[in-house]
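[1] Fold the following, please.
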Amino acid sequence: MIVMSKRRPNGLLILVAGILAVAFLAAGCSAVKSAAGAVKSAAASHGITISPPSLPSSGPANPTTAPPTPQVTTAPPSPSPSPSPSPSPEQSSPAPSPTSTPTSSAATSPWLWVLIAIAVIVVVGLIILITRASGRRSAAAARWQSQVADAYAKGSALADAIRLAEGPGALAAADAPARWSDIQYRMDDLAQTLYALQEAAPDDDMRQRASDALGWMQAVRATMTAERGADGADVPPERVRGRLASFQQALQALREPAGGPR
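    The predicted model follows:
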């Protein structure tokens with residue numbers, strides 16, 4: 001019986017989760033840098049220069065003075081060959097607000113990081129769930145294999161005891177009743193084990209194999225009981241041997257892996 005260690009798969013899954021988290025963070029940084037580059041390109045295409053607000057000169061603080069505003073410098077108009085009348089203040093188009101795009105970018109950036117954090121949490125949660133489910137399946141498979149090994153050992157010992165009890169002259173021996181009592185006790189014990197295997201079988205195929213082994217053991221018991229009854233002379237000796245051989249084949253099929261030959 002081979003039991004696979006779960007430390008290596010757990011370490012690999014944690015490594016994958018770390019790589020995915022780094023990838024999400026790198027994607028977020030790239031998106032923020034792209035947004036900043038787009039803002040600068042848009043400002044440059046409209047001839048707008050955004051400079052930080054100037055600091056007030058040293059002196060007594062005036063609480064009524066308005067806070068400094070960013071300085072916006074527009075590109076000078078290209079010279080024209082003929083003078084043209086300057087547009088009135090009402091006709092001139094308003095300069096684009098330098099604070100509209102940075103505000104939108106600043107509002108989008110925190111949401112982007114929130115989405116990245118949620119995605120990382122979801123990926124890590126899925127990895128944890130998959131790891132736990134795999135661990136439960138491995139534990140169930142290990143318990144099943146242990147029960148199968150126990151049933152096979154009991155069945156092999158039972159087959160040996162039946163073979164001795166069915167030997168030449170064994171039915172008329174002085175210890176024949178004691179042998180038969182021991183065989184019946186072994187059959188009762190093995191029947192309980194096979195019933196438990198049917199309940200814990202991982203699939204329908206393995207459940208049928210346990211049922212086959214139990215059915216052939218009961219067939220052997222019925223034949224041996226008839227052989228020791230009042231009409232025992234009518235039971236041919238090869239009937240017990242043939243059913244015993246089928247019982248051993250069913251036990252061997254029970255040891256085969258799921259999906260293997262029966």
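[2] Quick one: residues in contact with the helix or strand residue 211 falls within.
    Following DSSP states H and E, the helix or strand that holds residue 211 is helix 204-227. With Cβ atoms under 8 Å, 6 or more residues apart in numbering as the contact definition, helix 204-227 has outside contacts at 144, 151, 155, 158, 162, 165-166, 171, 180, 183-184, 187, 190-191, 194-195, 197-198, 201, 232, 235, 239-240, 243-244, 246-247, 250-251, 253-254, 256, 258-259, 262. Bear in mind the C-beta positions are built from the backbone N, C-alpha and C, glycine included.
[3] can you do 7 Å?
    Contacts with helix 204-227, where a contact means Cβ atoms under 7 Å, 6 or more residues apart in numbering, come from 155, 162, 187, 190-191, 194, 197-198, 201, 232, 235, 239-240, 243-244, 246-247, 250-251, 253-254, 258, 262.
[4] now the residues you listed: which count as buried?
    Among these, those classed as buried by 16 or more other Cβ atoms under 10 Å are 155, 162, 187, 190-191, 194, 197, 201, 235, 240, 243-244, 246-247, 250-251, 253-254.
[5] ok, back up a step: and the helix holding residue 211, C-alpha only, in PDB?
    In PDB, the C-alpha atoms belonging to helix 204-227 read as follows (Å, rounded to 0.1, in the frame of the first residue of the first chain):
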ATOM      1  CA  ASP A 204     -20.000   1.000  -7.500                       C
ATOM      2  CA  ASP A 205     -17.300  -1.300  -9.000                       C
ATOM      3  CA  MET A 206     -15.500  -1.800  -5.700                       C
ATOM      4  CA  ARG A 207     -18.800  -2.200  -3.900                       C
ATOM      5  CA  GLN A 208     -19.700  -5.000  -6.300                       C
ATOM      6  CA  ARG A 209     -16.400  -6.700  -5.700                       C
ATOM      7  CA  ALA A 210     -17.000  -6.800  -2.000                       C
ATOM      8  CA  SER A 211     -20.500  -8.100  -2.600                       C
ATOM      9  CA  ASP A 212     -19.100 -10.900  -4.800                       C
ATOM     10  CA  ALA A 213     -16.600 -12.000  -2.100                       C
ATOM     11  CA  LEU A 214     -19.300 -12.100   0.500                       C
ATOM     12  CA  GLY A 215     -21.700 -14.100  -1.800                       C
ATOM     13  CA  TRP A 216     -19.100 -16.700  -2.600                       C
ATOM     14  CA  MET A 217     -18.200 -17.100   1.100                       C
ATOM     15  CA  GLN A 218     -21.800 -17.700   1.900                       C
ATOM     16  CA  ALA A 219     -22.100 -20.200  -0.900                       C
ATOM     17  CA  VAL A 220     -19.100 -22.100   0.500                       C
ATOM     18  CA  ARG A 221     -20.700 -22.100   4.000                       C
ATOM     19  CA  ALA A 222     -24.100 -23.300   2.700                       C
ATOM     20  CA  THR A 223     -22.300 -26.200   0.800                       C
ATOM     21  CA  MET A 224     -20.300 -27.200   3.800                       C
ATOM     22  CA  THR A 225     -23.400 -27.100   6.100                       C
ATOM     23  CA  ALA A 226     -25.300 -29.400   3.700                       C
ATOM     24  CA  GLU A 227     -22.200 -31.700   3.500                       C
END
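[6] could you give the angle of the helix or strand that comes right after it to helix 204-227?
    Per DSSP H and E, the first helix or strand lying C-terminal to helix 204-227 is helix 237-255. Our comparison of helix 237-255 with helix 204-227, counting by axes from the mean of the first three to the mean of the last three Cα atoms, to 10 degrees, yields an angle of 160 degrees.
[7] helices or strands next to helix 237-255 in the packing?
    helix 100-165, helix 204-227 (3 or more Cβ pairs under 7 Å, 6 or more residues apart in numbering; DSSP states H and E).
[8] Need the ones you listed in a markdown table (columns: mean pLDDT and distance to residue 176).
    Below are those laid out as a markdown table (pLDDT from 0 to 100; distance: least, Cβ to Cβ, whole Å):
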| stretch | mean pLDDT | distance to residue 176 |
| --- | --- | --- |
| helix 100-165 | 81 | 7 |
| helix 204-227 | 94 | 11 |
